[in-house]
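>>> Take this sequence and fold it.
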Amino acid sequence: MMLAQTDTSWFNEIQATEGSAFSLAIKRKLHEEKTPYQTIAIYETLHFGNLMTIDGILMLTSRDNFIYHEMMAHFPLFTHPEPKRVVIIGGGDCGTLREVLKHDTVKAAHLIDIDERVTRLSEQYFPELCAANHDPRVALSFINGIEWMAKQASQPGSIDLIIVDSTDPIGPGEALFTADFYRDCFSALTKQGLLVQQSESPLFHKKLIQTMRSNMTAAGFVSLHTAQFPQPTYPSGWWSLTLAGKESTLPGFREKAAFNKTFTTHYYNKDIHLASMAIPECLKNLTP
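Okay, the predicted model is just below:
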């Protein structure tokens, strides 16, 4: 076993309940501030580019964020038959928004994040993620996404796709995993509308995935699918998203459109989409 050099600084995220930790070698801290909602820190790492943490939890790095952002956007967008109106709850780093806007079918994309400083710091330290922020289809609102969705529920059928690009279910993000929030999403979606949310690690957080699926069903969603993908810097390195639809079956994957996509990706493609839909044995007993 090779030991780390003692003169190297490290960012450590410890998963105490799982007896594990993830570390990145740090060159220097670029920025830190406490907002009304959370503490945001930006580091320059040795091998992973810039790193953003919120309340000491790793949010993204320059090196591997593309996997998460591409899956959160393209997996549901190529599942919906014709996504025009997209809402992103959270996602203040704007990486998912950038990927959403690669789709010509999208006519309006509204990003809602409670903390504007996440976006402003991303513009400064992760400018590549914010390259599409001034697209005329974009609206940015720095307000409480739960309260916004509760109001939107009074306008049924107004949204085609809701992407919940949330932090872990602690603190401000906890309410984004409840049946009440999902019920508001259900009301705002069109008949063929879809809800997708990051659903943590199948290895570390299986109980959370089960709870999410139960709450989605309680909110009225009748078709669910949990897809998987690697995410090297997230706990366990194995991540997931859960897709929920209002009809008895999810819309079919637009495989031809994904194969002939007119934009560049670094991870997502037709075969990745199909592979991510395979259900590992350890998740086959999830109900509903």
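>>> Would you agree residue 52 falls within a helix?
No - read with DSSP: H, G, I helix; E, B strand; the rest coil, residue 52 is strand and lies in no helix.
>>> Pass me the low-pLDDT residue ranges in this protein, would you?
1-7, 170-172 (pLDDT under 70).
>>> so where do the helices sit in it?
Remark: helices assigned in the chain by DSSP state H are 65-77, 95-100, 116-125, 145-152, 179-188, 206-218, 255-259, 270-276.
>>> if you compare the ones you listed, which one is most tucked away?
helix 95-100 (a mean of 26; mean count of other CB atoms under 10 Å). Placement of C-beta: from N, CA and C, glycine included.
>>> quick one on the thing from earlier: closest to residue 51 out of the helices of the chain?
helix 116-125 (9.2 Å; CB to CB).
>>> gap between that closest one and the chain center?
On the basis of CA atoms, centre = their mean, to the nearest Å, helix 116-125 sits 17 Å off its chain's mean C-alpha point.
>>> One more: stretch 195-208?
11 Å.
>>> ditto for stretch 127-135
17 Å.
>>> mind saving the C-alpha coords of it as PDB?
Output in PDB follows, covering the C-alpha atoms of stretch 127-135 (Å, rounded to 0.1, in the frame of the first residue of the first chain):
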ATOM      1  CA  PRO A 127     -17.600  28.700 -16.400                       C
ATOM      2  CA  GLU A 128     -17.900  25.800 -18.800                       C
ATOM      3  CA  LEU A 129     -21.000  24.600 -17.000                       C
ATOM      4  CA  CYS A 130     -22.700  28.000 -17.300                       C
ATOM      5  CA  ALA A 131     -22.000  28.600 -21.000                       C
ATOM      6  CA  ALA A 132     -25.700  28.400 -21.900                       C
ATOM      7  CA  ASN A 133     -27.100  30.500 -19.000                       C
ATOM      8  CA  HIS A 134     -27.900  33.400 -21.400                       C
ATOM      9  CA  ASP A 135     -29.800  31.200 -23.900                       C
END
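>>> Contacts for it, please.
Where contact means CB atoms under 8 Å, 6 or more residues apart in numbering, the residues beyond stretch 127-135 that reach it are 62, 65, 69, 93-95, 97-98, 101, 109, 119, 122-123, 138, 140.
>>> ok, the residues you listed vs residue 86, which is closest?
The closest of the contacts of stretch 127-135, once distances to residue 86 are taken by CB to CB, is residue 109, at 4.8 Å.
>>> mind listing what the closest one touches?
Contact analysis of residue 109 by CB under 8 Å, 6+ apart lists 86, 87, 88, 97, 100, 101, 135, 137, 138, 139.
>>> mind checking how far the closest residue to residue 25 other than its chain neighbours is from residue 278?
Closest residue to residue 25 apart from its sequence neighbours, by CB to CB, 6 or more residues apart in numbering: residue 46 at 3.8 Å. Between residue 46 and residue 278 the distance is 35 Å, computed by CB to CB, to the nearest Å.
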